[in-house]
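Peer 1: how would this look folded up:
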Amino acid sequence: MTKEAHTIYIGTMTLTVLAITYYVAASGYSYYSLPIEERFYHENYDWFKPSGIMGQGLGVIGTAMITFGVAIYIARKRYGFLKNWIRLKYLLEFHIFLCTLGPILILFHTTFKFGGIVSIAFWSMVAVVLSGIIGRFIYIQIPRSIEGQELSMQDIQKKRQEITQQVLRLESIDQTIVETIFSSESQVTNGLLSLFEKRKKAREIKKFLGNKNISKGTTTKILRLVSEEIALSSKIGRLEKMQKLFKYWHVVHMPFAIIMVVIVLIHVGVTIALGYKWIF
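Peer 2: Here you go, the predicted structure:
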């Protein structure tokens with residue numbers, strides 16, 4: 001998937017979440033905005049109430065989205081399901097999409113009324129979603145392969161060596177030039193000034209290569225490879241910390257997810273036992 005296609009992919013999912021949320025909120029605003037004790041008298045009470053066609057449907061669809069999103073991601077990550085069809089990082093983004101939209105639909109299913117054991121499931125769901133956002137941030141800080149698999153320190157060092165070799169294979173480039181190009185690498189920091197430092201480094205390299213009479217095309221390729229090297233170096237500095245944070249994140253994310261699933265199963269079981277049905 002190209003960068004442009006990936007941007008469209010992310011944008012489409014984001015717009016879908018926003019559009020569906022707006023549609024559901026707008027269509028039921030007159031009902032959801034009423035005090036709980038007055039909703040019984042709303043003309044569409046039987047439609048929007050949690051056991052109504054619309055209300056229960058939102059709960060069923062939202063739960064199905066979360067279940068499918070979790071199941072397909074675990075199947076791909078742990079068992080290699082669809083390995084030859086979709087990269088892990090794209091499936092993770094689809095997992096996030098389903099597990100964002102699903103809880104929103106469930107929120108409307110509750111009609112913003114929480115109580116009893118269901119409230120525990122709801123707040124567990126909120127904790128799972130919020131921790132998922134944090135987990136996504138941590139996830140993207142860890143260097144990964146093109147397939148989305150986490151890279152080890154050895155893998156990263158090998159990738160850095162590959163970048164150096166790519167520079168060496170370019171026209172009119174020797175070991176001395178390579179050493180000069182990457183000599184100030186450690187001076188590039190990850191703070192607010194990193195963007196300025198990268199631009200300064202690029203200008204210095206461009207001037208240096210110009211003095212060596214290196215062609216414009218070769219210079220452009222070198223600057224691109226140096227940019228990759230800088231990005232990789234900055235992630236190496238954060239690798240160990242982010243790996244530890246990711247382990248701690250699982251300690252928070254997984255228990256809340258398990259609590260949510262168990263209570264939802266109880267909720268669904270009780271609903272069926274009491275004879276509530278949707279369109280089946």
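Peer 1: lowest-scoring secondary structure element of the protein by mean pLDDT?
Peer 2: Among the helices and strands of the chain, helix 194-211 carries the lowest confidence by mean pLDDT, DSSP states H and E, at a mean of 72.
Peer 1: which is the succeeding secondary structure element to that one?
Peer 2: On the C-terminal side of helix 194-211, the nearest following helix or strand under DSSP states H and E is helix 216-273.
Peer 1: could you list every residue that touches the residue nearest to Asn213 when sequence neighbours are not counted?
Peer 2: Nearest non-adjacent residue to Asn213, counting by CB to CB, 6 or more residues apart in numbering: Ser172, 7.6 Å away. Where you see a C-beta, it was placed from the backbone N, CA and C, and this is true even at glycine. Residues near Ser172 by CB atoms under 8 Å, 6 or more residues apart in numbering: 212-215, 218.
Peer 1: okay, and Val17 sits in which element?
Peer 2: Applying DSSP H and E, one finds Val17 within helix 3-27.
Peer 1: sort out which residues of that helix are buried, please.
Peer 2: 13, 17, 21, 24 (16 or more other CB atoms under 10 Å).
Peer 1: can you pull the phi and psi angles for Pro50?
Peer 2: The phi/psi pair for Pro50 (degrees, to the nearest 10) reads phi -50, psi -30.
Peer 1: no wait, Gly275
Peer 2: Torsion angles, degrees, to the nearest 10, at Gly275: phi 90, psi 10.
Peer 1: quick check: pLDDT value at it.
Peer 2: pLDDT for Gly275: 74.
Peer 1: pretty sure the residue nearest to Asn213 sits in a helix.
Peer 2: No. Ser172 sits outside any helix when classified using DSSP: H, G, I helix; E, B strand; the rest coil, being coil.
Peer 1: separation between it and Phe208?
Peer 2: 13 Å (CB to CB, to the nearest Å).
Peer 1: with His253 instead?
Peer 2: 47 Å.
Peer 1: comparing the two, which residue is more hemmed in?
Peer 2: Neighbour totals were compared for His253 and Phe208, and His253 leads with 18 against 15 (other CB atoms under 10 Å).
Peer 1: so who does the more buried one touch?
Peer 2: 128, 131-132, 135.
Peer 1: could you list the low-pLDDT ranges of the stretch 1-150 of the chain?
Peer 2: Applying pLDDT under 70 to the stretch 1-150 of the chain picks out residues 1, 115-118, 141-150.
Peer 1: now the helices for it?
Peer 2: 3-27, 29-32, 45-48, 53-79, 88-109, 116-141 (DSSP state H, counting those that start in this stretch).
Peer 1: what secondary structure does Tyr276 sit in?
Peer 2: Classified using three-state DSSP, Tyr276 is coil.
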